[in-house]
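*Asks:* Starting from these lines, generate the structure:
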Amino acid sequence: MGACLHTSPPVFDAPIASPTAAPIARANRRSRPSGYDLLSGVFAVILLVAAALKAHALYSTFNLESHWKQLAGTMPILLEWLLAIWLLSGFAKKWARRVSLTALSVFLLVAGTRWLRGYDDCGCFGRVSVHPALMATIDALALAAIYWCGKGSLAESRVTSSRVALAICLSLVIPTVTLALIQREATGQIVVLDPLGWKGKVFPLLNSMQPSAHELAHGQWTIFVVNRNCQTCREYVARTAFQTGNVALLDIGAESKDHLNEFRVPVPVFGVRADTVYFLEGPFVVVLREGLVTEVNQAK
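*Replies:* Below is the predicted model of the structure:
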């Protein structure tokens with residue numbers, strides 16, 4: 001009888017996992033930017049642009065405020081700049097996220113308050129006007145996005161010296177480019193106003209006022225000359241009871257008629273052309289008769 005041959009099924013060697021495969025896979029997952037990383041990077045860039053624009057608005061009116069007020073205005077600019085560097089460096093992401101959520105909550109509160117009070121500018125970007133309603137919407141969306149994307153456990157990546165150097169480099173380059181673009185737009189002249197020397201002369205700002213103010217050249221007018229970038233001027237306007245009639249307010253810090261709704265006064269409000277930057281030492285009250293300055297008083 002023939003022998004029965006018993007064949008066993010082929011045996012395949014099971015793949016042996018490399019001891020370094022799991023760490024490499026985890027490292028690859030950490031190296032890929034997450035949704036939170038992308039959002040925080042965009043937020044950091046916006047912070048740098050906002051800080052640069054606020055710094056430009058603050059220091060282009062340096063002689064309007066005391067040094068202490070200048071220092072107080074510098075603090076939020078510095079905080080925005082430092083937060084941007086922190087976010088770009090990737091250091092301590094969980095704490096960076098918490099600080100970002102706090103900052104966005106403050107931004108949302110400020111924009112919402114200005115919206116409810118009827119302002120046309122949120123004040124977040126210096127002289128670049130953004131409506132508070134739009135800014136409040138953007139802040140709310142950014143707040144929700146950063147909260148949601150970082151809700152789970154954030155993978156802490158190793159902070160390298162090259163990434164820190166890149167963060168510092170971006171924190172310098174982005175504001176520099178922003179300021180360069182602003183300076184390119186502001187190609188006009190700078191004029192320091194001396195209202196006390198106007199008496200007996202034609203009102204020198206008559207042809208620079210926007211919208212056209214030709215009616216001020218006829219009859220007698222009282223003009224309150226202020227600058228919205230001057231805190232003293234803002235406080236003066238807030239406590240002054242304006243009488244209707246031949247009374248007007250000239251805001252030399254307003255560059256177009258879209259920005260003239262800042263003070264909420266019951267009299268006509270005028271701005272100036274955007275091709276000239278004017279400096280003014282505090283508010284002044286100017287009386288005109290047929291376009292000539294008959295009386296000038298520095299308001300207190």
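
*Asks:* what number of residues lie near the residue nearest to Pro204 when sequence neighbours are not counted?
*Replies:* Sequence neighbours aside, Trp198 is the residue nearest to Pro204 in space, at 6.5 Å (criterion: CB to CB, 6 or more residues apart in numbering). (Glycine included, C-beta is placed from N, CA and C.) Number of residues near Trp198 (other CB atoms under 10 Å) recorded here: 21.

*Asks:* what's near enough to touch Val287?
*Replies:* 220-223, 293-296 (CB atoms under 8 Å, 6 or more residues apart in numbering).

*Asks:* in the chain, what spans have low per-residue confidence?
*Replies:* 1-33, 60-70, 153, 184-189, 255-261, 275 (pLDDT under 70).

*Asks:* need the contact list for the residue nearest in space to the middle of it.
*Replies:* Closest to where the C-alpha atoms of the chain average out (CA atoms, centre = their mean) is Phe125, at 2.3 Å. By CB under 8 Å, 6+ apart, the residues touching Phe125 are 49-50, 53-54.

*Asks:* before we move on, the earlier item: wait, doesn't the residue nearest to Pro204 sit right on Glu295?
*Replies:* No - contact criterion CB atoms under 8 Å: Trp198 and Glu295 do not qualify, at 9.8 Å.

*Asks:* does Val247 have beta-bridge partners, and which?
*Replies:* Here Val247 sits in beta bridges with Thr222, going by DSSP bridges.

*Asks:* quick one on the thing from earlier: from the contacts of Val287, which would you call buried?
*Replies:* Among the contacts of Val287, the ones that count as buried by 16 or more other CB atoms under 10 Å are 221-223, 293, 296.

*Asks:* Format those residues as TSV; extra columns: distance to Gln183.
*Replies:* Below are these laid out as TSV (distance: CB to CB, whole Å):
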residue	distance to Gln183
Trp221	35
Thr222	36
Ile223	31
Val293	33
Val296	33
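
*Asks:* Pro76: which of those is nearest?
*Replies:* Ile223 (33.0 Å; CB to CB).

*Asks:* For Ala111, the count of nearby residues, please.
*Replies:* With neighbours defined by other CB under 10 Å, the count for Ala111 comes to 25.

*Asks:* do the one 5 residues further on as well
*Replies:* With neighbours defined by other CB under 10 Å, the count for Leu116 comes to 11.

*Asks:* if I look at it, how far off is Cys122?
*Replies:* Counting by CB to CB, to the nearest Å, the gap from Leu116 to Cys122 is 12 Å.

*Asks:* Show the contacting residues for the nearest residue to Ala55 once chain neighbours are set aside.
*Replies:* Using CB to CB, 6+ apart and skipping residues adjacent in sequence, the residue nearest Ala55 is Ile77, 5.2 Å away. By CB under 8 Å, 6+ apart, the contact set of Ile77 is 51, 54-55, 58.

*Asks:* residues of the helix or strand containing Ile77 that come out buried?
*Replies:* Taking DSSP states H and E as the definition, one finds Ile77 inside helix 67-89. Within helix 67-89, the residues that count as buried by 16+ other CB under 10 Å are 73, 77, 80-81, 83-89.

*Asks:* Taking helix 67-89 as reference, get the angle to the helix or strand immediately after it in the chain.
*Replies:* For helix 67-89, the succeeding helix or strand toward the C-terminus, using DSSP H and E, is helix 93-116. If you take axes from the mean of the first three to the mean of the last three CA atoms, to 10 degrees, helix 93-116 sits at 130 degrees to helix 67-89.

*Asks:* Which other helices and strands does helix 93-116 contact?
*Replies:* Helix 93-116 sits against helix 35-59, helix 67-89, helix 132-149, with contacts defined as 3 or more CB pairs under 8 Å, 6 or more residues apart in numbering; DSSP states H and E.
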